[in-house]
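Asker: my questions concern the predicted model and sequence given below.
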Amino acid sequence: MNYDVLIDTALEAREKAYVPYSNFKVGAAVLTEDGTVYGGCNIENASFGATNCAERTAIFKAVSDGHKSIKAIAVVGDPTTHTYPCGICRQVISEFADSSIPVILIKNKQEYIVKTLQDILPGAFTKKDLDK
Ligand SMILES: [Zn+2]
């Protein structure tokens, strides 16, 4: 899998972040089952609990357009390190993705690492657990 489009989309999305409180910009991009890519940024709120992460913004955009299967996700935060999805986002990713999907953790366009969802969310609680 070539990650260029995901990386570019995540980097572009980061520039749209609304972060007047933390000034910590995050961008994300998700690849859906038909190849459509959605970007998302974090959106803060004066009521901090109403803040939404970049990953969930991208996923919710995809799902609201009818896509319920994510094949890859890319995340970029602080350009000096690899920013991982928070716990809530890991859970939301697992709702719409297999545990084997790549999670691309971008430092910058040239530097990124690839994990799987299983790597960052072992023992996930999923809809399969509700079928028992
Ligand atoms: Zn998050």
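Answerer: Perfect, I can see it now. Numbering: from 1, shown residues only.

Asker: what residues does this protein put near the ion?
Answerer: Proximity of the chain to the ion, by Cβ under 5 Å from the ion, involves residues 53, 86, 89. All C-beta spots, glycine's among them, are computed from the backbone N, C-alpha and C.

Asker: Provide the backbone phi and psi angles at the residue nearest in space to the middle of the chain.
Answerer: For the chain, the residue nearest the mean C-alpha position is residue 55 (3.0 Å; Cα atoms, centre = their mean). Dihedral pair for residue 55: phi -60, psi -50, per degrees, to the nearest 10.

Asker: so who does it touch?
Answerer: When the contact criterion is Cβ atoms under 8 Å, 6 or more residues apart in numbering, the partners of residue 55 are 26, 28, 30, 40, 73, 75, 85, 89, 92-93.

Asker: would you mind writing the CA trace of stretch 79-91 as CSV?
Answerer: Extracted as CSV, the C-alpha positions of stretch 79-91 are listed here (Å, rounded to 0.1, in the frame of the first residue of the first chain):
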residue,chain,number,x,y,z
PRO,A,79,6.1,17.1,13.8
THR,A,80,9.0,16.2,16.2
THR,A,81,7.5,12.9,17.3
HIS,A,82,5.0,10.2,16.3
THR,A,83,1.6,11.1,17.8
TYR,A,84,-0.6,8.1,18.5
PRO,A,85,-4.4,8.1,18.6
CYS,A,86,-5.9,8.6,22.0
GLY,A,87,-7.8,5.7,23.7
ILE,A,88,-11.2,6.9,22.6
CYS,A,89,-10.1,7.2,19.0
ARG,A,90,-8.5,3.7,19.1
GLN,A,91,-11.9,2.4,20.2
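
Asker: thanks a lot, catch you later.
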